Every structure is written in structure tokens, then in C-alpha cells.
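>>> need a 3D model of the sequence below.
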Amino acid sequence: MIQVMLKGDAKEFEAGVTAAEVAKSIGAGLYKAACACKIDGEAADLRTPLTKDCSLEILTFDSAEGKHAYWHTTAHIMAQAIGRLYPGAKFAIGPAIENGFYYDVDLPQTLTPDDLTKIEAEMKKIIKEDLPLERFELSPADAEKLMADKQQDYKLELIAEHSGKGEPISFYQQGEYVDLCAGPHLMSTGHVKAVKLTNCTGAYWRADANNKMLQRVYGISFPKAADLEAYITMLEEAKKRDHRKLGRDLELFTIMDEGPGFPFFLPKGMVLKNLLIDYWRELHRKAGYLEISTPMILNRSLWERSGHWDHYKQNMYTTVIDEQDFAIKPMNCPGGMLVYKTKLHSYRDLPLRMGELGLVHRHELSGALHGLMRVRCFTQDDAHIFMTPDQIKNEIKGVVNLIDSVYKTFGFQYHIELSTMPEDHMGAQEDWDNATDALRAAISELGYDYEVNEGDGAFYGPKLDFHLTDCLGRTWQCGTIQLDFQLPERFELEYTGEDGAKHRPIMIHRVVFGSIERFIGILTEHFAGAFPLWLSPVQVKVLPISERHHEYAEKVAAQLQEAGLRVEADLRNEKIGYKIREAQLQKTPYMLVVGDKEAETGTVSVRGRKDGDLGSMALADFSAKACEESKNRVMD
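The predicted structure follows:
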């Protein structure tokens, strides 16, 4: 007999019992919902036999790991369907991703929407066949023979990279389809209930433009048809909210062929961007931050010293000046180090909080670029906090509270992830452990729940990432707090302690918005372009009924502008209904219709974007109401 720990309770089973059988013994509902499991913290198939005492967690679709197994299995089903419909198809990789799955395929013809419909229909046949997924292992030599017989060139390339380790290679088989894969997977194809193929794009093998362009087929699947329908509805709503389309329609920003990945902000977009920057500066002044600005281009020796030249060079733009290598900054941190070193510091100066709205450049592959969400240059709302070891916890708490206040202002919910030491890292294990423990303690004392994201820290330190949720339920990683013992050491930063000796400060890297540009993209989609009054580039439009009302309309606009509101008067020779529709399409919060009656009485007829006709108001009353709403950053 073996002991299996399930959520803290020990149960006895015969050695060799599978995780699926354990789930079944707990209840039919859990067995039916189970996707995979964790054995002593390691993800595994439900078919895995338990041979010794262990902890066991049954993973359902409600968990990230359960979704991964579900979507990864569906990717295999899609590949099997493609293989049936297009004999000779060559398969590259087919992972589960954040929302669904994809498979990169080499085919002689370009897939059309009609082809996706055919593939989807064949997938449903495979699901109905309820084929078991069976795992087996082969030596590298046997694995090469198997994939060579199937003429799967991309799999052979993957095997060749692995074969040097001399370890067996795992495969999964369902019916006639065999795939090189580590798993875990569902028990059978029949466990997938609802599936939809969503898109097909091009993708270079290995994301390298020198390699062949493959076809990447995307899809999504769910245990219930209702969940799939809800997801499709969400996608349709997301299309309406696409910030790229709204950015054009509302004249916020554009990206031109002359600068792919380099956004141009138009006048209205600059209003929005500057409003966010003004809000950022207001918060940081209150929180005791000093604002700095560091150069955009600095020489190679600085980036070597910071570690970026060795760990991040593939993402950096470089140039040569006076026969020396320079780099355009991908991050503000090294410049912040140099600012700290411009003067001597005492423990009395610490904590020293320095903020920077720095324009940074990072090389992104062209296929990854996406409006403002993924660009090659952006304004990072950075800050670096230099502190003594005993100040770490309180400073982390202060940043968490700052980020919390910002997200609450915009009405966002969020969750926190603690990311730990990656394989490619600088510094000793002890420093990483101390830094990770400090982050964990601070967030726990504040009473926040968090998830652990093993191995996803920055190369110089662990971090807390803040993932906000928009109105469609999508998550976006924005704020981050990174604790760094490494750069102060590399830059030999010092302060004089209370004991008169020299000490090394500890440093926090942190952002709140993450990127001003990306945050604008998120806000645009969250509000569908209908920004709250305080963020709207145009807050009020004055709409005269006819030409004889232009003079009064201009007077109204002037008074509102004098009060501090952003106003436009529509003096075009168009019918009032047309002007109202245009203002609504521009998502204007308030429309003021003025005619004979309003001109005679000094009033305005107010229409709200959300509530429609609000009736007649004295101009002074409307002005006071709108100013108060804007000042208090009311979210409508």
C-alpha cells in the first residue's frame, strides 16, 4: 500500500493505482472533469501509475495546468485532422497558449476559411471516435527512424537537438497519429467537447525570417458548448473594441509603413497620453519620488556592466559613434545607476525614490507587432528605489499600495504573480532566496493572494507582476516590482551607514502602467473608446442648430475652455441630427445643443453619451458639474 496526500488528507491505495483511478474514487464528477494531475508538484498524465508515497493534485479545466493539457490535446487532434485531409503535411510545433492552441504546419497550398471549416469537421469526427492517447518512449535513434519514416523533417530537427543528451524521447499516439511530445494530455480525444478554429496566419519556423514560412492554425476548445459560445461572443466584442481600429477612428494614433512598431501619436492621442503622464506625476510627487531623465543612447561598456549586453543584446538596437559601440536603451535602469553615483549618499538619504518616463527601444519580430500592445519603442513609467536592507519590506508595500490605487482609479481588478529565479540569471542563490523571501513576506503581510510563476523572474532578480482584468475578462500584465541585489553590486553603489562604514544599497525596479502606449491600448479596448470624462481628448462638443447660432456656440465653447474643459464647437453647415451622430461616433461624453431658446436664456440642452437627453441646464451649472466630474476622475 502507498499513501497519497490529497489536499492535506492522506489516503491509502494499492501501489500502481493511476491518478485517474484516484480521481474516480473521490467522485464521478471529479473523474469526468479531470484533465491532468500533479504528482509531487510535477505535471503528469492521469494515466500515470503511482508507485510510492506522494502528493497528488487533480487538475481540471478550471486550473491553468488543466487548460494546458486540454488545449494541447486539442492541438494534437487538429494535427491529426490536417494529416487526414492533407496527406504529406509536415508538422512543426503545436503548443497550448494563453487562450487555446495552435499548430505550425508546412503545406503545399494556402489554407482558406473553407479549409478551416473542413479541418474543424474532421476534428469533430476524431473526437467522436474517442481515441485513447497513449504515451511511449524511444531512444533518440529509434525516434529518428520513426519520424524519418513519416517524413517529418521538423520533428527530426527537434530530435537531433535532444539526441545529444542521450535520454529517451517521449511520444503520444492517438489512432494513426503519432507526435513527439512531453505531455501531459487528456485520457482520450472524446474528452474534448466543443472546438472552434479561429484563424490562420503565417509564421517562420523558429521565428527566424531566414527559415521557411509555415502556416499557423489557431483554435480554442472547451468542456461545454456554452463556454465556447461565450468565448466567441467575447471575440466578436473584442473586434469591436480593437484599439487599432478605434485608434484610427478616434484619431488617437497611427503606425505607418515607414516605422513598423513605432507609433505616431496624433493630437487627440497626445492629449490622452499627457493626461496619463500628468496623473502619474501627481501620484509620484505625493509618494516622494524625484523625477529624472537619462540619455537614450549610451556606450557598450555601460550595457556590459549592467549585464544587458550578454543577456539582452538580441533585443537591443546598436550603433557605432566615433568608432565605439553604443546601444539605444531598452531599459532605464543603468542610467538610473549613474544618476545615483553623481553624489555621495548617507543612510539618511534612503530610501531614495527616482522616477523616469523614459523612451526605450526593444527589437521585436515583425510578426509579434500588434498596435500599441507590442511595439518597438515605448514610454516606460519607470522608477528605481535605493534603500537599506531593513527598508525593503516597507518600500515594497508602498509600491504595491501605489499600484493598487492606480488600478482602482480605472476600475480594474487584478491578480499578482511572484516570479522566481530563471536559468539565465546573475548572482548567487542566497541573494535570490533573500530577495524572493522579501517579496513574499511583503505581499503576504498586506493580505494579498498570489500565484508563483517558477523560473520567470528577470535575469537580475525576482519580481511581482500585476495582471489586470479588463471588462471582457482578458488579463494584461502591466505593473511589476523587481527586487535587485545585482545591479547595485555591478555598479558599486554605496551609502555611508549609521556606523560610518560603506554599505551596498538594495534596489527596486518598478513600473505602474508598464508602458504608457500599451496602457492606452488596454484602456481603449476596456472602454471601447468611450473614455471617462477626465480622460476624453474632447470632453464637450457644442452643436449649434443652424448658422445663426454659431456666435452663441462659440461663446459657450470659450467659457467652458476658460473653466478648463476640452471643447470643440461643430460649426459645419450640417443638420443637427447628423452632428449628434458624429459626436456619438467620436464617443464624446457631453453634447450641448444650442438654438434660439438656449441663446435667449443662456442655457444649453445637454445630451450625455451614456444617458441621452439630460434636459436644459444653465451654462454655469453644466460647467460646474463637468469640471467636478473631471476633477474627481469619475468613472462612468
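>>> for my notes, confirm residue 509 occurs in a helix.
No. Applying DSSP: H, G, I helix; E, B strand; the rest coil, one finds residue 509 to be strand, outside a helix.
>>> what sits opposite it in the beta ladder?
residue 384, residue 482 (DSSP bridges).
>>> and the pLDDT at it?
Confidence at residue 509, expressed as pLDDT, is 93.
>>> so it makes contact with residue 382?
Yes. Contact criterion Cβ atoms under 8 Å: residue 509 and residue 382 qualify, at 7.3 Å. Every residue, glycine included, has its C-beta placed from N, CA and C.
>>> between the two, which contacts overlap?
residue 333 (Cβ atoms under 8 Å, 6 or more residues apart in numbering).
>>> pull the CA atoms of stretch 180-192 into PDB?
Coordinates of each C-alpha in stretch 180-192 appear next as PDB, following Å, rounded to 0.1, in the frame of the first residue of the first chain:
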ATOM      1  CA  LEU A 180       6.800  14.000 -30.500                       C
ATOM      2  CA  CYS A 181       5.600  15.500 -27.200                       C
ATOM      3  CA  ALA A 182       6.300  15.800 -23.400                       C
ATOM      4  CA  GLY A 183       2.600  16.000 -22.400                       C
ATOM      5  CA  PRO A 184       0.600  15.800 -20.300                       C
ATOM      6  CA  HIS A 185      -2.600  15.000 -22.300                       C
ATOM      7  CA  LEU A 186      -6.200  14.100 -21.700                       C
ATOM      8  CA  MET A 187      -7.000  10.400 -21.500                       C
ATOM      9  CA  SER A 188      -8.800  10.300 -24.900                       C
ATOM     10  CA  THR A 189      -9.900  12.600 -27.700                       C
ATOM     11  CA  GLY A 190     -13.500  12.100 -26.600                       C
ATOM     12  CA  HIS A 191     -12.900  14.300 -23.500                       C
ATOM     13  CA  VAL A 192     -12.900  17.400 -25.800                       C
END
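>>> gap between it and the chain center?
27 Å (Cα atoms, centre = their mean, to the nearest Å).
>>> let's number from 48 now, not from 1
Will do, 48 is the new start, and the previous item becomes stretch 227-239.
>>> ok, residues contacting that stretch?
67, 82-84, 90-94, 116-117, 119-121, 123-124, 173-180, 182, 190, 194, 202, 205-206, 216-219, 221, 268, 270.
>>> and those residues, which of them are buried?
67, 82-84, 90-94, 116-117, 119-121, 123-124, 173-174, 178, 180, 182, 190, 194, 202, 205-206, 216, 218-219, 221, 268, 270 (16 or more other Cβ atoms under 10 Å).
>>> of the residues you listed, which belong to strands?
Counted as lying in strands by DSSP state E, out of these, are 82, 83, 84, 90, 91, 182, 216, 218, 219, 221, 268.
>>> partner residues bridging the fifth one?
It stands for residue 91. residue 84.
>>> show me what contacts it?
Residue 91 neighbours (Cβ under 8 Å, 6+ apart): 66, 83, 84, 85, 230, 231.
>>> can I assume residue 133 is in contact with residue 165?
No. Taking contacts as Cβ under 8 Å, residue 133 lies outside contact range of residue 165: 9.7 Å.
>>> wasn't residue 282 part of a helix?
Yes. According to three-state DSSP, the state of residue 282 is that of a helix.
>>> make sure residue 73 is actually in contact with residue 56.
No. With contact defined as Cβ under 8 Å, residue 73 and residue 56 do not form a contacting pair (10.3 Å).
>>> the more surrounded of the two?
Taking neighbours as other Cβ atoms under 10 Å, residue 73 and residue 56 compare with residue 73 leading, 14 against 7.
>>> how much space between the more buried one and residue 103?
10 Å (Cβ to Cβ, to the nearest Å).
>>> and for these two, which residues touch both?
residue 53.
>>> now do residue 650 against residue 387, distance only.
For residue 650, the distance to residue 387 - Cβ to Cβ - is 58 Å.
>>> what is the mean pLDDT for the strand or helix carrying residue 168?
Per DSSP states H and E: residue 168 is located in helix 160-176. For helix 160-176, the mean per-residue pLDDT is 97.
>>> in this protein, which helix is the longest?
helix 111-132 (DSSP state H).
>>> just want the angle from it to strand 216-221.
70 degrees (axes from the mean of the first three to the mean of the last three Cα atoms, to 10 degrees).
>>> restricting to C-alpha, output helix 111-132 in CSV.
C-alpha atoms of helix 111-132 as CSV (Å, rounded to 0.1, in the frame of the first residue of the first chain):
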residue,chain,number,x,y,z
ALA,A,111,-4.1,26.8,-15.8
GLU,A,112,-2.4,23.4,-16.0
GLY,A,113,-5.7,21.7,-16.7
LYS,A,114,-6.4,24.1,-19.6
HIS,A,115,-2.9,23.5,-20.9
ALA,A,116,-3.5,19.7,-21.1
TYR,A,117,-6.9,20.2,-22.6
TRP,A,118,-5.7,22.6,-25.3
HIS,A,119,-2.5,20.7,-26.0
THR,A,120,-4.6,17.6,-26.7
THR,A,121,-6.9,19.6,-29.0
ALA,A,122,-3.8,20.7,-30.9
HIS,A,123,-2.9,17.1,-31.5
ILE,A,124,-6.5,16.4,-32.6
MET,A,125,-6.2,19.3,-35.1
ALA,A,126,-2.9,18.0,-36.4
GLN,A,127,-4.4,14.5,-36.9
ALA,A,128,-7.3,16.1,-38.8
ILE,A,129,-4.9,18.0,-41.0
GLY,A,130,-2.9,14.8,-41.7
ARG,A,131,-6.1,13.0,-42.7
LEU,A,132,-7.2,15.8,-45.1
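>>> so for that helix, mean pLDDT?
The pLDDT scores in helix 111-132 average 97.
>>> next helix or strand past it?
That would be, after helix 111-132 and using DSSP H and E, strand 137-138.
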